[in-house]
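In: no FASTA, just this:
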């Protein structure tokens, strides 16, 4: 159990990489919803997808109604960015709270299954937060857009 808690903590709080709130916290709504040339999703869409699956797994753990599986990569407007970001972070905190709870309470048939789901959340979140960090770097790289214009790759 401690290994699982540590895995979730490292993704949530950051250890070798920036924590989720730092990656997401200082993006403007316009930056978060920008879809870069050659990339299928904006940071906001990627985050909405990440939280969508996090909510599905949390609902399983908590025995509540699961959201519909699709669409799982929704377009997000700049106005909706703060809510999407805050909801993801709050749900990730819920994930940590479930993992830390003593006694370990969930609605799965066994602790082993619950641990597996919590680990899925941690891995899935880490994967997509890494993508978002890369997209954030690309957004801030002024040379990125100049290179695409020179190469004829800009929209």
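Out: Thanks, I have it. Because the structure is predicted, anything quoted here is derived from the model rather than measured.

In: so what's the closest residue to residue 52 other than its chain neighbours up against?
Out: In this structure, residue 52 finds its nearest non-sequential neighbour in residue 72, 5.0 Å apart by CB to CB, 6 or more residues apart in numbering. C-beta: built from backbone N, CA, C; applies to glycine. Going by CB atoms under 8 Å, 6 or more residues apart in numbering, residue 72 touches 49, 52, 53.

In: For those, which entry has the maximal number of neighbours?
Out: When neighbours are taken as other CB atoms under 10 Å, the top entry among the contacts of residue 72 is residue 52 (20 neighbours).

In: Next secondary structure after the strand or helix carrying residue 81?
Out: Under the criterion of DSSP states H and E, residue 81 resides in helix 81-100. Next helix or strand after helix 81-100 toward the C-terminus (DSSP H and E): helix 111-140.

In: Okay, angle between that following helix and helix 81-100 too, please.
Out: 150 degrees (axes from the mean of the first three to the mean of the last three CA atoms, to 10 degrees).

In: Counting by contacts, list what helix 111-140 packs against.
Out: If you count contacts as 3 or more CB pairs under 8 Å, 6 or more residues apart in numbering; DSSP states H and E, helix 111-140 packs onto helix 2-13, helix 20-25, helix 43-62, helix 81-100.

In: Please identify the deepest-packed of these.
Out: Of all the helices and strands packed on helix 111-140, helix 43-62 has the most neighbours on average by mean count of other CB atoms under 10 Å, namely a mean of 21.
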